[in-house]
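S.K.: Provide a 3D model corresponding to the input given below.
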Amino acid sequence: MEPINKRTLRQKLKACKRSPLSLVLFLLVMISTILTTGILLFLTGYIVIKGIPNIKPELFQWEYNTSNVSLMPALINTIIMTVISLVIAAPIGIFSAIYLAEYAKSGSRLVGIVRITAETLSGIPSIVYGLFGLLFFVTAVGWGMSLIAGAFTLSIMILPLIMRTSEEALKAVPNSYREGSFGLGAGKMRTVFKIVLPSAMPGILAGIILGIGRIIGESAALIYTAGTVAEIPKGTDFLLDSTRTLSVHMYALASEGLYINQSYATAVILFVIVALINWLSAFLAKKLSVQLR
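M.R.: The predicted structure follows:
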């Protein structure tokens, strides 16, 4: 984006004087920019100022107890939960997007139903997913409050996001790539998996990273499905153990009212992880874009 210096701002204001509507829109954009930037800086500064002084070595001990309220079990549980959820949701979402973008007939009623359903699912509040997971995975299936119940609930939650972003990424690939591949004698499947899919990988990766961010920041759905036990799952049936992730850990500490300082420290760690994920996604997308040119 072009940086707005004094000269550029002066030129924009002169252009806006010619049309009152342009001036109104310009002012609305500037106000939105200032508000968004200000809120982001305020939240970041507030979390950092409150949390960094409370980051202490005992927060990273292997076992949780009332004297250290360690976040290490929750951090490990978050990683395990993220991996399992992506293993379930990512292949289904990507292959569904491939079918919708490459194989389904244009204007098909089935495609329209799938897209409307995916968009509807994207707008459902997370607590509704939690209640569904409680009724189905925890109660009906009989998994109880467990890691696997939480992972399946989260996979359903992020599936529409991965599917829609992957479909848009596949659609953004120029048709000339497909035509060139067909002209060289490649079949449909070879063209999709050797030409189209690698070209769309930056967009697909962006959708997966967004899904990871939603998994890490989710708490409402996991309280009803995975539980709040601050222990690392052990044994051969560890998938059926109750766990808590970082976001649930932070909520539990804040709701008890006894560990507010530790909850701020957990918020800083959570903020850093999300920031690193966003940076990593931008870096990988840029790297893949350069390699595919």
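S.K.: residues touching Tyr224, list them.
M.R.: Listed by C-beta atoms under 8 Å, 6 or more residues apart in numbering, the contact set of Tyr224 reads 127, 130-131, 133-134, 138. Every C-beta, even on glycine, is put in place using the N, C-alpha and C of the backbone.
S.K.: for Ser155, same thing?
M.R.: 84-86, 88-89.
S.K.: again, only this time at 7 Å
M.R.: Residues near Ser155 by C-beta atoms under 7 Å, 6 or more residues apart in numbering: 85, 88-89.
S.K.: re the thing from before, which of the contacts of Tyr224 are buried?
M.R.: Among the contacts of Tyr224, those scoring as buried are 130-131, 133-134, 138 (criterion: 16 or more other C-beta atoms under 10 Å).
S.K.: which one of these is nearest Ser108?
M.R.: Each of those was scored against Ser108 by C-beta to C-beta, and Gly133 proved nearest at 31.0 Å.
S.K.: got the confidence number for that closest one?
M.R.: We note a pLDDT of 92 for Gly133 in this prediction.
S.K.: so, low pLDDT: which residues of this protein?
M.R.: 1-19, 285, 288-293 (pLDDT under 70).
S.K.: returning to that earlier point: keep only those of the contacts of Tyr224 that are in helices.
M.R.: 127, 130-131, 133 (DSSP state H).
S.K.: what's in contact with stretch 166-181?
M.R.: Against stretch 166-181 from outside (C-beta under 7 Å, 6+ apart): 93-94, 97-98, 100-102, 191, 195-196, 199-200, 203-204, 207.
S.K.: the contacts of Ser155 in helices, which ones?
M.R.: Per DSSP H, these map to helices at 85, 88-89.
S.K.: make CSV from those and add neighbour count and distance to Ile49 to it.
M.R.: Shown next, in CSV, are these (neighbours: other C-beta atoms under 10 Å; distance: C-beta to C-beta, whole Å):
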residue, neighbour count, distance to Ile49
Ser85, 25, 33
Ile88, 18, 39
Ala89, 25, 36
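S.K.: Ser247 reaches Ser219, doesn't it?
M.R.: Yes - counting by C-beta atoms under 7 Å, Ser219 is a contact partner of Ser247 at 4.1 Å.
S.K.: hang on, the earlier thing: nearest to Val229, of the contacts of stretch 166-181?
M.R.: Gly93 (29.4 Å).
S.K.: chain neighbours aside, what residue packs nearest to the closest one?
M.R.: Ile162 (3.3 Å; C-beta to C-beta, 6 or more residues apart in numbering).
S.K.: number of residues surrounding that neighbour?
M.R.: By other C-beta atoms under 10 Å, the residues close to Ile162 number 25.
S.K.: can you list the buried residues in the helix or strand encompassing it?
M.R.: Applying DSSP states H and E as the criterion places Ile162 in helix 147-171. By 16+ other C-beta under 10 Å, the buried positions in helix 147-171 come out as 147-170.
S.K.: cool, and stretch 90-109?
M.R.: So, applying 16+ other C-beta under 10 Å, buried residues of stretch 90-109: 90, 93-94, 96-98, 100-102.
S.K.: quote the end-to-end distance of it.
M.R.: Terminal residues of stretch 90-109 lie 24 Å apart, using C-alpha to C-alpha, to the nearest Å.
S.K.: can you give the distance of that stretch from its chain's centre?
M.R.: Averaging C-alpha positions (C-alpha atoms, centre = their mean, to the nearest Å) puts stretch 90-109 21 Å from its chain's average.
S.K.: contacting residues around it?
M.R.: Outside stretch 90-109, the residues that touch it by C-beta under 7 Å, 6+ apart are 110-111, 114, 159, 162-163, 166-167, 170-171, 192, 196, 204, 208.
S.K.: looking at those residues, which is nearest Gly45?
M.R.: Ile208 (30.1 Å).
S.K.: after the helix holding Ile162 comes which helix or strand?
M.R.: From helix 147-171, the next helix or strand downstream (DSSP H and E) is helix 175-183.
S.K.: next secondary structure after that following helix?
M.R.: helix 188-191.
S.K.: got a list of contacts for the following helix or strand past that following helix?
M.R.: Next helix or strand after helix 188-191 toward the C-terminus (DSSP H and E): helix 197-217. For helix 197-217, contacts defined as C-beta under 7 Å, 6+ apart pick out 78, 81-82, 85-86, 89-90, 94, 154, 157-158, 161-162, 165-166, 168-170, 172-173, 177, 246-247, 273-274, 277, 281, 284-285, 288-289, 292.
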